[in-house]
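Peer 1: Pasted the sequence and its predicted model underneath.
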Amino acid sequence: MSVTDASTAALSGTAIPGDRLLGPGRGDRLLDRVLAGAEAVPGDPLCPLRHSVRLDQRHGRPVPWPVWVPDPVVDALRTAGVDQPWSHQVEGAELAHAGHDVVVATGTASGKSLVYQLPVLTRFATDRRATALYLSPTKALAADQLRALEALDIPDVRATCVDGDTPAEERDWARRNARWIHSNPDMLHRSILPRHARWATFLRRLSHVVVDECHTYRGVFGSHVALLLRRLLRVAARYGSHPTIVLASATVADPGPFATVLTGRDVTAVTDDGSPRSARTVALWEPPLLPELTGENLAPVRRPAGAEASRMLADLVVEGARTLAFVRSRRGAELTAMGARRLLADAAPDLCARVESYRGGYLPEERRELEAALACGELLGVASTNALELGMDIAGLDAVVVAGFPGTRASFWQQAGRAGRSAEEALVVLVARDDPMDTYLVHHPEALLGAPVERCVLDPTNPYVLAPHLACAAAELPLTEADLDGVFAGTPAAGVLDALVDDGVLRRRPTGWFWPSTQDMPAGSVDIRGSGLGQVALVESGTGRMLGTVDAGSAPASAHPGAVYLHRGESYVVESLDLDAGLALVHAETPDWRTDARSTADVEIVGEIDRGEHGAVTVSFGVTRVTTQVVGYQRRALDGRILETVPLDMPEQTLETRAVWYAIDDAALADAGIPPARIPGALHAAEHAAIGLLPLFAICDRWDIGGMSTALHPQTGLPTVFVHDGHPGGAGLAERGHAVLADWLGATRSAIEECSCRTGCPSCVQSPKCGNGNNPLDKAGAIVVLDLVVAALRQR
């Protein structure tokens with residue numbers, strides 16, 4: 001039974017709180033243990049189990065080895081435990097071997113690496129001069145894949161890592177001798193392409209480019225990587241090579257068109273997963289409200305997802321189940337493991353040492369040690385950030401607890417896929433956070449369990465992203481008209497190049513566009529993982545030690561003077577912020593209060609790209625200019641009480657981006673029961689909840705988008721709600737929201753209505769990043785507004 005089929009079967013009966021469709025199996029027994037630990041009874045309205053479903057076992061479809069794979073390669077793989085490949089592995093490998101660009105988008109632990117290993121190792125065996133480039137989003141994953149490749153012990157592969165940690169002498173060896181380089185986009189951007197002449201021999205012989213975990217290349221980062229890949233293919237062509245591209249992805253919607261936009265070439269998708277999967281029980285869990293606590297504006301508060309995960313981790317460890325708990329932050333991983341050990345100290349002290357935390361930042365040896373300890377059963381419980389989501393080498397886990405929806409269905413299923421790799425059935429539990437998205441999903445299981453995964457959104461035509469890459473490309477090799485019709489086809493490259501010439505960045509000559517300097521290269525100043533607004537360095541004032549960086553766009557709100565800043569679980573207080581110098585000075589301090597920035601915002605409509613009239617509702621998509629200013633911050637006690645409001649004089653920031661907005665006739669609102677006095681709170685609440693639900697329809701984070709609502713916008717002349725991309729030029733998110741507006745706002749309405757709070761809380765209409773202190777908010781009014789808008793949209 002497929003995920004969709006299983007979910008449809010589970011949802012065909014009467015929907016009641018805690019409804020369960022379970023057969024016998026270990027996953028069911030583990031869920032019963034979790035329920036017992038919570039003293040919860042399925043069917044009781046107070047039971048936090050909102051839904052569970054059993055996903056049937058899937059049998060694998062092995063096929064013979066392709067006849068073109070050399071015997072030494074087959075023998076090495078068999079020695080490594082791969083007796084026969086699965087059907088999707090051979091389907092993808094056949095395409096790549098024939099020279100077709102291919103993306104394989106199958107589930108976790110389905111063996112996607114074999115899809116590129118077979119054609120690359122075969123080419124190496126038949127062409128002793130051929131080379132290959134492997135790119136991953138993280139250094140750790142590249143190192144993991146290199147270790148797996150080296151373990152095959154195939155002669156003359158000469159594989160190595162080239163990243164920011166590689167010593168100069170090893171890079172020199174790699175340039176002269178390596179055949180298969182494992183690297184990342186950052187290294188390709190900052191080192192290899194700007195110095196491509198040093199890599200001429202490697203690039204001239206380049207036969208394959210592997211892009212692993214390509215679903216992570218979305219939004220602005222994905223747009224940067226898309227243009228980076230075009231730069232790579234352009235330089236490779238200069239040396240006479242035309243490599244085949246093999247991409248590996250988690251299960252995403254429309255992987256073929258996505259990979260085509262990412263690479264600029266036609267890509268064939270392989271999506272029929274032929275690997276086996278054991279049966280799994282998937283449970284959706286909503287922690288209870290805590291009547292003794294209140295949050296901002298006296299809103300009710302739920303038991304934290306991390307606390308629930310700690311209790312579940314302890315219960316499952318007592319049951320002897322090897323369990324992995326995914327949490328959202330490094331500090332959260334540490335606290336979840338500590339909480340589980342504290343509970344075990346009372347219930348089973350001998351098990352305390354068998355629970356650990358795992359996060360990014362560990363040394364490779366520490367990572368391998370932890371993974372081996374969990375795999376062999378020495379460790380029974382691990383609390384981890386998504387550092388383990390990519391490249392983890394662990395099989396056969398009994399349970400996975402996901403503390404808070406990880407932002408996308410693709411990520412959820414990737415994390416869930418860590419359970420049930422062995423023959424026995426496993427358990428997966430999603431514990432909802434205090435968040436509109438989580439609230440919606442646990443009350444609408446079909447949106448998670450039965451729905452297709454999201455589509456990856458990126459926009460390499462964004463001129464704010466395109467311009468710096470055209471400058472980098474011109475510095476690598478002069479740009480020509482043929483490049484505009486070739487690798488940069490479909491982008492507004494001509495107009496952007498004219499602007500770069502007018503600004504003095506590039507020079508135009510009859511033969512093309514040139515970078516004016518032979519010394520300074522632009523790549524070092526282009527941050528492919530940032531917003532395009534630059535970075536602010538966080539420096540400890542007493543020692544001069546650099547702790548990290550924040551985007552200049554978010555620095556006034558997160559690193560203003562007086563702000564409490566968390567870095568790797570340690571607390572610091574900001575002393576000063578100099579945006580011009582890109583420097584924030586901080587000192588270590590652990591205050592018993594937190595800070596929330598307060599800001600003003602204004603949205604100016606620059607131009608409409610699309611406009612639709614729907615009776616009393618007008619919907620538009622277009623270019624906007626967003627002006628924000630941090631005007632102060634509040635110091636709050638840990639229980640939410642306001643201790644002090646401190647004014648700030650921070651400079652205004654302007655962002656030209658894309659937005660979707662709707663305007664509603666005043667009379668229609670009045671007829672629906674929303675008088676003028678309630679309009680600001682109703683629109684504000686609807687805006688907050690919509691921002692929280694957009695990631696359901698586009699792979700993004702609520703922090704990638706922003707919004708503004710007003711009872712009277714000077715350009716529309718009406719009550720208006722804007723939701724905009726948080727990056728210069730846009731990232732395709734507002735455009736996606738515009739395309740699915742009725743479904744998006746319908747889901748938003750459901751999330752608000754189904755939240756059990758009375759007047760609004762973080763699970764529905766409160767936002768953690770609101771610059772107005774979540775005031776005013778009108779939960780009931782938001783439902784009326786969304787009903788009115790959705791009804792108007794669906795009448796067309």
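Peer 2: Yes, it's here.
Peer 1: State the distance from the spatially most distant residue from the centre of the chain to Pro478.
Peer 2: Most distant from the centre of the chain: Pro510, at 43.5 Å, with distances by C-alpha atoms, centre = their mean. Distance, Pro510 to Pro478, by C-beta to C-beta, to the nearest Å: 11 Å. (Each C-beta comes from the backbone N, C-alpha and C, glycine too.)
Peer 1: try Arg175
Peer 2: 24 Å.
Peer 1: And for Ala637?
Peer 2: In terms of C-beta to C-beta, Ala637 sits 61 Å off from Pro478.
Peer 1: okay, these two: which has more neighbours?
Peer 2: More crowded of Ala637 and Pro478, by other C-beta atoms under 10 Å: Pro478, with 16 against 11.
Peer 1: Was I right to think the more buried one contacts Arg508?
Peer 2: No: contact between Pro478 and Arg508 fails when scored by C-beta atoms under 8 Å: they sit 10.4 Å apart.
Peer 1: can you list residues touching both of the two?
Peer 2: Both Pro478 and Arg508 are in contact with Phe514, where contact means C-beta atoms under 8 Å, 6 or more residues apart in numbering.
Peer 1: so where is the stretch 1-150 of the chain shaky, pLDDT-wise?
Peer 2: Scanning the stretch 1-150 of the chain for pLDDT under 70 picks out 1-24.
Peer 1: where along it do the helices fall?
Peer 2: 3-10, 26-37, 71-79, 87-97, 113-126, 139-151 (DSSP state H, counting those that start in this stretch).
Peer 1: got those helices as TSV, with mean neighbour count and distance to Tyr572 columns?
Peer 2: Formatted as TSV, those follow (neighbours: other C-beta atoms under 10 Å; distance: least, C-beta to C-beta, whole Å):
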stretch	mean neighbour count	distance to Tyr572
helix 3-10	18	44
helix 26-37	20	37
helix 71-79	15	49
helix 87-97	23	47
helix 113-126	23	40
helix 139-151	18	26
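Peer 1: for those helices, which one sits closest to Ile691?
Peer 2: helix 3-10 (26.6 Å; C-beta to C-beta).
Peer 1: Go through this protein and flag its longest helix.
Peer 2: helix 219-238 (DSSP state H).
Peer 1: Tell me which residues of that helix come out buried.
Peer 2: 219-237 (16 or more other C-beta atoms under 10 Å).
Peer 1: Got phi/psi on Gly164?
Peer 2: Main-chain torsions, Gly164, degrees, to the nearest 10: phi -60, psi -20.
Peer 1: what's near enough to touch it?
Peer 2: Neighbours of Gly164 in contact, by C-beta under 8 Å, 6+ apart: Lys139, Asp186, Met187.
Peer 1: quick one: which of those residues is nearest Leu577?
Peer 2: Comparing the contacts of Gly164 against Leu577 with C-beta to C-beta places Asp186 closest, at 26.0 Å.
Peer 1: where's the closest one, which helix or strand?
Peer 2: helix 185-187 (DSSP states H and E).
Peer 1: From the contact counts, what lies against that helix?
Peer 2: Helix 185-187 sits against helix 219-238, with contacts defined as 3 or more C-beta pairs under 8 Å, 6 or more residues apart in numbering; DSSP states H and E.
Peer 1: any idea how far Asp346 lies from His688?
Peer 2: For Asp346, the distance to His688 - C-beta to C-beta - is 40 Å.
Peer 1: Am I right that Val573 is in a helix?
Peer 2: No: read with DSSP: H, G, I helix; E, B strand; the rest coil, Val573 is strand and lies in no helix.
Peer 1: tally of neighbours for it?
Peer 2: 16.
Peer 1: show me what contacts Leu135?
Peer 2: So Leu135 contacts Ala142, Ser183, Asn184, Pro185, Leu188, Val209, Val210, Val211, Asp212 (C-beta under 8 Å, 6+ apart).
Peer 1: redo that, cut-off 7 Å
Peer 2: By C-beta atoms under 7 Å, 6 or more residues apart in numbering, the residues touching Leu135 are Ser183, Asn184, Pro185, Leu188, Val210, Val211, Asp212.
Peer 1: Show me what it bridges to in the sheet.
Peer 2: With DSSP bridges as the criterion, Leu135 is bridged to Ser183, Val211.
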